[in-house]
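Participant: How does the following fold in three dimensions:
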Amino acid sequence: MALNKVEICGVNTAKLPLLTAQEQDALWERMEHGDREARELYIKGNLRLVLSVIKRFSSTSENADDLFQIGCIGLMKAIDNFDRSLGVKFSTYAVPMIIGEIRRYLRDNNAIRVSRSLRDTAYKAIYTRECLIRQNSREPSLSEIAEEIGLPDEEILFALDAIQSPVSLYEPVYSEGGDTLYVMDQISDRKNKEDLWVEELSLNEAMKRLPERENYIIRLRFFQGKTQMEVADEIGISQAQVSRLEKNALKNMRNYLKLN
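Facilitator: This next block holds a predicted model:
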């Protein structure tokens with residue numbers, strides 16, 4: 001996807017306006033009184049936000065113009081649903097809405113078919129996440145989303161994974177001192193059915209035998225749905241170290257389950 005274009009959908013991205021906090025507040029005051037011109041100005045003033053979001057999808061083969069248009073729909077939905085009384089920055093609220101709109105578009109246009117039940121579960125999770133963000137002004141954990149829906153954490157995670165756009169297993173995601181981590185380093189080995197361990201009653205026993213740090217990493221990665229980078233930031237080590245500890249923990253758990 002070419003995102004180095006100056007013009008996307010007829011919009012010169014090099015000349016996109018940037019609103020100050022005072023200008024945004026003034027436009028909101030006008031919008032709350034039904035001023036449609038103010039709404040248009042507010043949309044134009046936040047197109048840089050859409051542009052920054054679609055750069056996250058640069059690895060896809062989708063046309064940048066199409067993603068920009070979909071992102072603008074997400075932006076308009078965010079404007080229509082934003083509640084200023086919550087005291088949250090508009091960009092904090094809008095970015096997940098824009099991302100969600102683009103992901104829905106990519107899912108609906110994905111050649112790989114996903115069952116209706118999985119899609120329904122994933123859509124419920126996404127909707128619930130957006131509601132919890134509005135209620136609590138923060139990103140909810142996987143467990144909070146699962147509890148709200150009334151489904152197990154692993155079922156939510158599986159559904160969300162199933163609707164993601166496919167990428168190459170050999171796509172590099174991180175490099176440290178020449179030690180490159182690839183997508184395949186951050187997912188489970190389906191041949192060994194690690195993604196099904198959460199359904200086994202012996203899982204807890206296997207986890208109890210892990211060192212405290214490895215146990216914590218597994219819980220953050222597979223029960224709270226955090227990325228290796230997020231785990232690394234939380235416990236204060238590098239992502240490469242998280243990857244190595246995770247692989248070692250999964251290997252030990254697999255060996256325990258084979259023996260029991």
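Participant: contacts, neighbours, all on C-alpha from now
Facilitator: OK.
Participant: Residue 139 is in what secondary structure piece?
Facilitator: If you go by DSSP states H and E, residue 139 is not part of any helix or strand.
Participant: Which residue ranges make up the domains of this structure?
Facilitator: 7-162, 172-259 (automatic domain parsing).
Participant: State the mean pLDDT of the helix or strand residue 216 falls within.
Facilitator: In this assignment (DSSP H and E), residue 216 forms part of helix 212-218. The average of the pLDDT scores along helix 212-218 is 89.
Participant: Now do the nearest residue in space to residue 138 that is not next to it in sequence: how many residues are near it, please.
Facilitator: Counting by Cα to Cα, 6 or more residues apart in numbering, residue 138 lies nearest to residue 132, which is 7.7 Å off, once chain neighbours are set aside. Residue 132 is flanked by 18 other residues according to other Cα atoms under 10 Å.
Participant: And the spatially closest residue to residue 74 that is not a sequence neighbour, how far from residue 250?
Facilitator: Closest residue to residue 74 apart from its sequence neighbours, by Cα to Cα, 6+ apart: residue 98 at 4.3 Å. Remark: distance between residue 98 and residue 250 (Cα to Cα, to the nearest Å) = 35 Å.
Participant: before we move on, what about residue 206?
Facilitator: To residue 250, residue 206 is 10 Å away according to Cα to Cα.
Participant: Over to residue 107?
Facilitator: Separation of residue 107 from residue 250 (Cα to Cα): 30 Å.
Participant: same thing with residue 234?
Facilitator: Applying Cα to Cα to residue 234 and residue 250 gives a distance of 20 Å.
Participant: more crowded one of the two?
Facilitator: residue 250 (20 against 11).
Participant: what secondary structure does the more buried one sit in?
Facilitator: Three-state call for residue 250 (DSSP: H, G, I helix; E, B strand; the rest coil): helix.
Participant: That one and residue 244: what is the separation?
Facilitator: Residue 250 sits 10 Å away from residue 244, going by Cα to Cα.
Participant: try residue 103
Facilitator: Between residue 103 and residue 244 the distance is 30 Å, computed by Cα to Cα.
Participant: Settle it for me: which of those two has more neighbours?
Facilitator: Neighbour totals were compared for residue 103 and residue 244, and residue 103 leads with 19 against 12 (other Cα under 10 Å).
Participant: Okay, buried residues for the helix or strand hosting that one please.
Facilitator: Using DSSP H and E, residue 103 sits in helix 90-108. Across helix 90-108, burial judged by 16 or more other Cα atoms under 10 Å covers 93-104, 106-107.
Participant: of those residues, closest to residue 117?
Facilitator: residue 107 (14.2 Å; Cα to Cα).
Participant: quick one: the closest one and residue 72, what's the gap?
Facilitator: 18 Å.
Participant: With residue 254 instead?
Facilitator: On the measure of Cα to Cα, residue 254 and residue 72 end up 46 Å apart.
Participant: From the rest of the structure, what touches the helix holding residue 216?
Facilitator: If you take Cα atoms under 8 Å, 6 or more residues apart in numbering as the criterion, helix 212-218 is touched by 207-208, 231, 242, 245-246, 249.
Participant: between these, which is nearest residue 57?
Facilitator: Among those, residue 231 lies closest to residue 57 (Cα to Cα), at 22.3 Å.
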